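> Okay, sequence plus prediction incoming.
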Amino acid sequence: MQKKFYTLKKALFCAFPYTLPIFAGFWFLGLTYGIYMNVSGFSFWYPMIMSLTIFAGSAEFIAVNMLLGAFNPIQAFVMTLMINARHLFYGISMLDKFRGVGLKKLYLIYGMCDESFSINYTADIPDDVDRGWFMFFVTLLNHFYWFFGATLGGIFGSFIHFNTEGLDFVMTAMFVVIFMEQWLKEKRHTNALVGLGVSLICLIIFGSENFIIPSMLAILGVLTLLRKPLTKGEEIL
């Protein structure tokens, strides 16, 4: 029992510093979401329960208009699928990392978001830290940060009066930082350059509203074609 507690404690303490930048972004965005729900006429129970069960920031923001509009479950399903289709690619990338983690895999799949994926996929987990519990606590902490911010915004939204426009840029800045950290870790930047180049091309072709899914598909295809050359190049290095 004591050994189990030590394993959990060590994994938690190792995971927590990785999630601190996420806390800054999730707290502000969650707070904004809770306030948005409040001014739209919803009780704090809505952002609290939705942030706990849905845990998909973009979908939750869009859900506000869906709740205010006519009942259309098909539209809600298609819209949610379009917004979060990128998670299909996250799941494929995490197949090997989730192998052998036991029942924790169920929550890791449920709680996967952009930020948890970025950390769990790129983090250098020490050998003496349980990999499954590390990923579990990263996911749990990020989930809690969003839940905490959304609930707080829902409760105190009616008492806060300031312009929240532009707060969503916090997440953009955070992803830039994560990208730069990964760039500095890698000796060869082929994957990153492919991702940037393909995304830029898809942005020009499909526009800012529709380029994410084509970009994911194109990046997957290009990196699959380049897998052998890239692997050989790493072996040479």
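Thanks, I have it. Residues are numbered from 1 along each chain as shown.
> how about low-confidence regions in the protein?
The chain contains residues with pLDDT under 70 at 158, 160-175, 177-178, 181-182, 230-237.
> Spatially central residue in it, please.
Asp114 (1.9 Å; Cα atoms, centre = their mean).
> Give me the number of neighbouring residues for the nearest residue to Phe26 once chain neighbours are set aside.
Excluding the flanking residues, the one nearest Phe26 by Cβ to Cβ, 6 or more residues apart in numbering is Tyr145, at 3.9 Å. In short, each C-beta sits where N, CA and C put it, glycine included. Tyr145 has 22 neighbours, counted by other Cβ atoms under 10 Å.
> Secondary structure element holding Tyr145?
Tyr145 belongs to helix 131-156 when elements are defined using DSSP states H and E.
> helices or strands up against that helix?
Contacts defined by 3 or more Cβ pairs under 8 Å, 6 or more residues apart in numbering; DSSP states H and E place helix 131-156 against helix 2-39, helix 45-53, helix 104-110, helix 114-122.
> how far away is Trp146 from Arg86?
According to Cβ to Cβ, to the nearest Å, Trp146 stands 17 Å off from Arg86.
> err, Arg99, not the other one
Distance of Arg99 to Arg86, computed by Cβ to Cβ: 22 Å.
> what do you get for Leu200?
On the measure of Cβ to Cβ, Leu200 and Arg86 end up 17 Å apart.
> quick one, what contacts Gly91?
Listed by Cβ atoms under 8 Å, 6 or more residues apart in numbering, the contact partners of Gly91 are 109, 112.
> Mind doing that once more with 6 Å?
Contact analysis of Gly91 by Cβ atoms under 6 Å, 6 or more residues apart in numbering lists nothing.
> in what helix or strand does it lie?
Assigned by DSSP H and E, Gly91 falls within helix 86-93.
> starting at the chain centroid, how far to that helix?
11 Å (Cα atoms, centre = their mean, to the nearest Å).
> Alpha carbons only: can I get it in PDB?
C-alpha atoms of helix 86-93 as PDB (Å, rounded to 0.1, in the frame of the first residue of the first chain):
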ATOM      1  CA  ARG A  86      -8.400  15.900 -35.100                       C
ATOM      2  CA  HIS A  87      -8.600  13.700 -32.000                       C
ATOM      3  CA  LEU A  88      -8.800  10.700 -34.300                       C
ATOM      4  CA  PHE A  89      -5.200  11.400 -35.300                       C
ATOM      5  CA  TYR A  90      -4.200  12.000 -31.700                       C
ATOM      6  CA  GLY A  91      -5.600   8.600 -30.800                       C
ATOM      7  CA  ILE A  92      -3.700   6.900 -33.600                       C
ATOM      8  CA  SER A  93      -0.500   8.600 -32.500                       C
END
